[in-house]
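Undergrad: Here is the input, now give the coordinates:
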Amino acid sequence: MEFDALWLLLGLPVAFAAGWLASRWDGKQLRLENRRAPKAYFRGLNHLLNQQQDQAIDAFVEAVQHDPDTSDLHFALGNLFRRRGDYDRAVRVHQHLLARADLNRSDRQRAQHALAMDYLKAGLIDRAEAALKPLLGTPLEGQALLALLALHERARDWPQAAQVAQQLQANGESDFSHRLAHYECEQAQVALARGDVAGARQLLHKAQLAAPNAARPVLDLAQLEAGQAQGLDAAIGLLMRLLAKPGGDTQAQVAPAAAVLAADPLARCVVQRHQTDAAGSAPIVNQAIDLLQRRYAERPCLDLLDALARLIQARDGNAGAVHLAWAQHLAQHPSLVATQRWLAGEQAGASAAEAPTHSAVLRAVEHAAKPLMRYRCAACGFEARQYFWHCPGCQAWDSYPPLRVEEL
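TA: Here you go, the predicted model:
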């Protein structure tokens, strides 16, 4: 017993020294790892600021390995994966966060929203919708509804989009009246494609009630009426009210900038009316010409002048007056498109010897002017030959100015 007690007494200091050394070693390792994690984090932040996403991801992965319990690092890493287009890895990061039992409610909602954004960016519409719905009734409801709105727009589910927009407007997020009018117009196009003219007309009237200042419902309704057997006069009346100078008439106060889009359909409808009844349509032709002249005087525009030239040609049959109108526009507003129109008039009066030269010059100018006749989205720069209410490039609404590229 004395021998055992002696060894016990000798072993106590040794055990104490070993424990002290072990604790010092563990503390040193912990401090080293804690220093490594912030260094990796700041290194990743530096790469991110320098637009070096691959290096930033590597640094954040290293930081997460040293500190796997930090949720903010996981969010940063998942967002980087999504921005780079690596949606599978972004989904795994956010699913890992949701699987953690120690995650607080706020971070769990953030992870749910981030997962929905992963699915949305990846084009997995059904999964994105399923991931967004649990966020309704939470502090992230506004963001979830906006994402659902984008999702329904991408799927062209206009009734569902209208419901979400109404809920957003009821929540006071923003004014969605113009967006709701667009949804009614889109549904009217679907109804018209089915041959349901009455249904399309009703939807367009609803669109006008939703946004009385919007130009599209009036233009779409005029196009619908123009396609009907006895609807030409109704279409002309709608387009003239849209182009009229803002005054006492409610319809005349519709989007004065977008009203320029009514010039071309008005000219086509009036010319068609004039061709069927030249004598009876004379007052309408004169009224349309006077209206377009007043609008052109207020704001010279290629589309207004082109519509005006067609109406003058239809009424008077005088190509010289049209030719002079383009020349006068060129004197005040240098334009390659107007030059092309003027050259076309010059070619009509050219002699047989001059005709080949005029044709060659006109073709060259037409080729150069063609890109200038496009419309350009103010949000993303997407150009198109036709006017879009909903940009095919960035999906923005009402982002196209109603002017040609040359006039911007």
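Undergrad: Could you check how far the closest residue to Phe388 other than its chain neighbours is from Trp158?
TA: Excluding the flanking residues, the one nearest Phe388 by Cβ to Cβ, 6 or more residues apart in numbering is Tyr400, at 5.7 Å. Bear in mind the C-beta positions are built from the backbone N, C-alpha and C, glycine included. Distance of Tyr400 to Trp158, computed by Cβ to Cβ, to the nearest Å: 20 Å.
Undergrad: got a list of what the nearest residue to Arg127 once chain neighbours are set aside touches?
TA: Setting aside the residues directly before and after it, Arg127 is nearest to Tyr119 in space (Cβ to Cβ, 6+ apart), at 4.2 Å. For Tyr119, the contact set (Cβ atoms under 8 Å, 6 or more residues apart in numbering) comprises 87, 91, 125, 127-128, 131.
Undergrad: do that again at 6 Å, thanks
TA: 127-128, 131 (Cβ atoms under 6 Å, 6 or more residues apart in numbering).
Undergrad: all helices for the stretch 151-300 of the chain, in order.
TA: 158-170, 177-193, 197-210, 216-226, 232-243, 263-276, 282-298 (DSSP state H, counting those that start in this stretch).
Undergrad: Would you tell me which of these gets closest to Ala319?
TA: Nearest to Ala319, of all the helices of the stretch 151-300 of the chain, is helix 263-276, at 15.1 Å by Cβ to Cβ.
Undergrad: Remind me what the closest one packs against, helices and strands.
TA: Packed against helix 263-276 by the contact rule (3 or more Cβ pairs under 6 Å, 6 or more residues apart in numbering; DSSP states H and E) you find helix 232-243, helix 282-298, helix 302-316.
Undergrad: so which of the helices of the stretch 151-300 of the chain comes closest to Cys380?
TA: Taking the helices of the stretch 151-300 of the chain one by one with Cβ to Cβ, helix 177-193 is closest: 17.9 Å.
Undergrad: Show residues contacting stretch 203-223.
TA: 177-178, 180-181, 184-185, 187-188, 235, 238-239, 242, 254-255, 258, 389.
Undergrad: Of those residues, grab the buried ones for ChimeraX.
TA: Paste this into ChimeraX to select the buried members of the contacts of stretch 203-223, with burial taken from 16 or more other Cβ atoms under 10 Å:
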select :177,178,180,181,184,185,187,188,235,238,239,242,254,255,258,389
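Undergrad: got the residue ranges for the strands in the chain?
TA: Along the chain, the segments classed as strands by DSSP state E run 375-376, 383-384.
Undergrad: Please state the offset of the last one from the chain centre?
TA: In terms of Cα atoms, centre = their mean, to the nearest Å, the gap separating the centre of strand 383-384 from the centre of its chain is 13 Å.
Undergrad: In the sheet, which strands lie alongside it, parallel or antiparallel?
TA: Paired strands of strand 383-384, with direction, are strand 375-376 (antiparallel) (DSSP bridges).
Undergrad: how does the chain divide into domains?
TA: 22-153, 159-206, 374-408 (automatic domain parsing).
Undergrad: average pLDDT across the last one?
TA: Domain 374-408 comes out with an average pLDDT of 88.
Undergrad: Would you mind listing the buried residues in that domain?
TA: 375-377, 382, 387-391, 396-404, 406-407.
Undergrad: Disregarding flanking residues, what is the spatial nearest neighbour of Leu311?
TA: Ile289 (5.1 Å).
Undergrad: Report how many residues lie close to that neighbour.
TA: By other Cβ atoms under 10 Å, 19 other residues sit near Ile289.
Undergrad: Please apply the same query to His333.
TA: Neighbour tally, His333, other Cβ under 10 Å: 14.
Undergrad: which regions of this protein lie under the pLDDT threshold?
TA: Residues of the chain meeting the criterion pLDDT under 70: 1-71, 73, 245-257, 346-355.
Undergrad: OK, contacts around Pro134?
TA: Counted by Cβ under 6 Å, 6+ apart, Pro134 has contacts Gln112.
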